[in-house]
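Chemist: no letters, just coordinates:
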């Protein structure tokens, strides 16, 4: 009987540990959000986070979107040619970019770049006892380190997603016109005619949610970092893994919520 129940016990322990971890992250995020409306405020930290998360992430998000839009146009043309439906390339590229690929790939690229950076930075501060120094100076580490980064990510990610969507559609346009032989005017007209405002808005909302997830995971795992270089390394890895999985899970839930009809 023990042999049969041991695997179930292991699954149960893993499930409880996962739920406990989710609960700790949720409480951490709730405490960080509660500081948004309570002084003191740190505008310098906020602006630095805007630059680090938004401006410096723009090249990698833009290049990812450009090549994704081009590859998407090629794939749709190849598949559509089997059904004599090559004309759907502009509309499907636009819808696919603004609904799914733009927000998700942008979120994953920012997670790889920003979540790891935040976790490493805060983890190093913990190892070198800089966080303890903040407490000694009567400064709340959560308010000084976490809240500005979460606010910056939530505000900046929708902009990154919008820019990435535009670049991705342009990548599809370049491939469609210069390689697949589409008429430029017809391509643009089909893109505009079949793209609805809710498609764009839903992607922007996803971007804000993904930004919150990225900053939250980076800050949480950085604050939970163990001592020493290995502890910082584990925190960085956990931040990226947690952010990526949470982004994909949130994307499924948001897509089901927005487009289940």
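Modeler: Right, received. Where do you want to start? These numbers were taken from a predicted model, which means no experiment stands behind them. Residues are numbered from 1 along each chain as shown.
Chemist: counting neighbours, what do you get for residue 109?
Modeler: 19 (other C-beta atoms under 10 Å). Any C-beta I mention is one placed from the backbone N, CA and C, and that applies to glycine too.
Chemist: just checking, what packs against the helix or strand of the chain with the lowest mean pLDDT?
Modeler: Lowest by mean pLDDT, DSSP states H and E among the helices and strands of the chain is helix 2-34, with a mean of 80. Contacts defined by 3 or more C-beta pairs under 8 Å, 6 or more residues apart in numbering; DSSP states H and E place helix 2-34 against helix 147-178, helix 197-223.
Chemist: dump these to CSV, plus mean pLDDT.
Modeler: Putting the helices and strands packed on helix 2-34 into CSV (pLDDT from 0 to 100) gives the following:
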stretch, mean pLDDT
helix 147-178, 93
helix 197-223, 93
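Chemist: got a markdown table for those, with mean neighbour count and distance to residue 81 too?
Modeler: As requested, the helices and strands packed on helix 2-34 are arranged in a markdown table below (neighbours: other C-beta atoms under 10 Å; distance: least, C-beta to C-beta, whole Å):
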| stretch | mean neighbour count | distance to residue 81 |
| --- | --- | --- |
| helix 147-178 | 23 | 13 |
| helix 197-223 | 23 | 25 |
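Chemist: want to throw these into TSV with distance to residue 230?
Modeler: Shown next, in TSV, are the helices and strands packed on helix 2-34 (distance: least, C-beta to C-beta, whole Å):
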stretch	distance to residue 230
helix 147-178	24
helix 197-223	14
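Chemist: do you know which of these lies nearest residue 28?
Modeler: helix 197-223 (5.1 Å; C-beta to C-beta).
Chemist: mind listing what the residue nearest the centre of the chain touches?
Modeler: For the chain, residue 107 is the residue whose C-alpha lies nearest the centre (C-alpha atoms, centre = their mean; 2.5 Å). Applying C-beta atoms under 8 Å, 6 or more residues apart in numbering to residue 107 gives the contacts 157, 161, 206, 207, 210, 211, 213, 214, 247, 251.
Chemist: please repeat the previous calculation with a cut-off of 6 Å.
Modeler: Contacts for residue 107 (C-beta atoms under 6 Å, 6 or more residues apart in numbering) come out as 210, 247.
Chemist: just to revisit the earlier point, among the helices and strands packed on helix 2-34, which comes closest to residue 239?
Modeler: helix 197-223 (4.0 Å).
Chemist: now do the buried residues in the helix or strand just after the closest one.
Modeler: Counting by DSSP states H and E, the element after helix 197-223 in chain order, helix or strand, is helix 228-259. For helix 228-259, a neighbour-count test (16 or more other C-beta atoms under 10 Å) marks 231-232, 234-236, 238-240, 242-244, 246-247, 250-251, 254-255, 258 as buried.
Chemist: for stretch 95-105, could you pull out the residues that count as buried?
Modeler: Using 16+ other C-beta under 10 Å as the test for burial, stretch 95-105 gives 95, 96, 97, 98, 99, 101, 102, 103, 104, 105.
Chemist: state the pLDDT value of the fourth one.
Modeler: I take that to be residue 98. If you check residue 98, the pLDDT there is 93.
Chemist: what is the neighbour count of residue 121?
Modeler: Residue 121: 18 neighbours (other C-beta under 10 Å).
Chemist: any stretches of the stretch 51-200 of the chain with poor pLDDT?
Modeler: For the stretch 51-200 of the chain, no stretch has pLDDT under 70.
Chemist: what's the closest non-adjacent residue to residue 204?
Modeler: residue 158 (4.4 Å; C-beta to C-beta, 6 or more residues apart in numbering).
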